[in-house]
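1. predicted model follows, preceded by the sequence.
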Amino acid sequence: MDSPGLGIRARFFVQGSIDRPASGRTYRLNAATALWKECIMQRYSMTSRRSLLVASGALALSLVSMRTTAAPVMLVHKDPDCGCCNGWVTHLRSSGLEVAVDEHSDLAAVRRRLGVPDELAACHTAEMDGYVIEGHVPAAAIQRLLRERPAASGLSVPGMPPGSPGMESRNPAPYEVLLFDSSGKRVFMRFLRTDPVG
């Protein structure tokens, strides 16, 4: 039995659109079916293009977001024979910081280039996201520095305090992490081992 809806659809697509003499209902139905399929394909093609554009835009935003939120990498300058420096690097990595190591012996030249005052010097120097990190600074202080981004040159733990990361000791002593720039320094945080105090 013929579908009334199909006949109406066939007449809709055939009328005024096909310039050949009709050879009966079969021709009209075949022509209508072809036009109907073409219409569906065109709509599908347009939808596909829109979907592709949306997907491409989402991918681009994801890539930008990944670049924007990617963690900075710390470059550590250290003497190749320094064991406590290796311990500090291990501490940073275990705290989730990305670290690359540059081993050489002329660390005084690195400190001069980065503007580290002599009184704040320690056994290794690092650079990270525009800041200088001098000595056995705990990861918690570095993470706070990157979070708050104060106007400063960087952080320093002068010398080699017992109990600081990389300088583990049975008799740890409290020590200070100093925030410094060319005009001076101030206490940024206080620690016992790797735990903030005060």
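-> Arrived safely, thanks for sending.

2. now do His77 against Val187, distance only.
-> His77 sits 25 Å away from Val187, going by C-beta to C-beta, to the nearest Å. Every residue, glycine included, has its C-beta placed from N, CA and C.

3. and Asp181, by the same measure?
-> From Asp181 to Val187 the distance is 14 Å (C-beta to C-beta).

4. again with Asp81
-> Taken as C-beta to C-beta, the span from Asp81 to Val187 is 32 Å.

5. between His77 and Val187, point out the one with more neighbours.
-> Set His77 next to Val187 and count neighbours by other C-beta atoms under 10 Å: His77 wins out with 20 against 10.

6. beta partners for that one?
-> Per DSSP bridges, residues listed as beta-bridge partners of His77: Asp102, Thr125.

7. quick check: it touching Leu107?
-> Yes - look at His77 against Leu107 with C-beta atoms under 8 Å: they come within range, at 6.0 Å.

8. overlap in contacts of those two?
-> Counting by C-beta atoms under 8 Å, 6 or more residues apart in numbering, the shared contacts of His77 and Leu107 are 124-125.

9. low pLDDT regions in this protein?
-> Along the chain, segments meeting pLDDT under 70 span 1-69.

10. next, Met160: secondary structure please.
-> Classification of Met160 by DSSP: H, G, I helix; E, B strand; the rest coil places it in coil.

11. not counting its neighbours along the chain, what's nearest it?
-> Met167 (5.4 Å; C-beta to C-beta, 6 or more residues apart in numbering).

12. can I assume that neighbour sits in a helix?
-> No - Met167 is assigned coil when assessed by three-state DSSP, not a helix.

13. what's the burial count for it?
-> Met167: 21 neighbours (other C-beta under 10 Å).

14. same thing with Arg112?
-> 11.

15. can you confirm it is in a helix?
-> Yes - secondary structure of Arg112 (three-state DSSP): part of a helix.

16. now it: how far from Ala121?
-> Taking C-beta to C-beta, one finds Arg112 at 10 Å from Ala121.

17. now do Asp81
-> 18 Å.

18. still on that earlier bit, wait, isn't the residue nearest to Met160 in contact with His136?
-> Yes - counting by C-beta under 8 Å, a contact exists between Met167 and His136, whose distance comes to 5.7 Å.

19. if anything else comes up later, I'll come back, but that's it for now.
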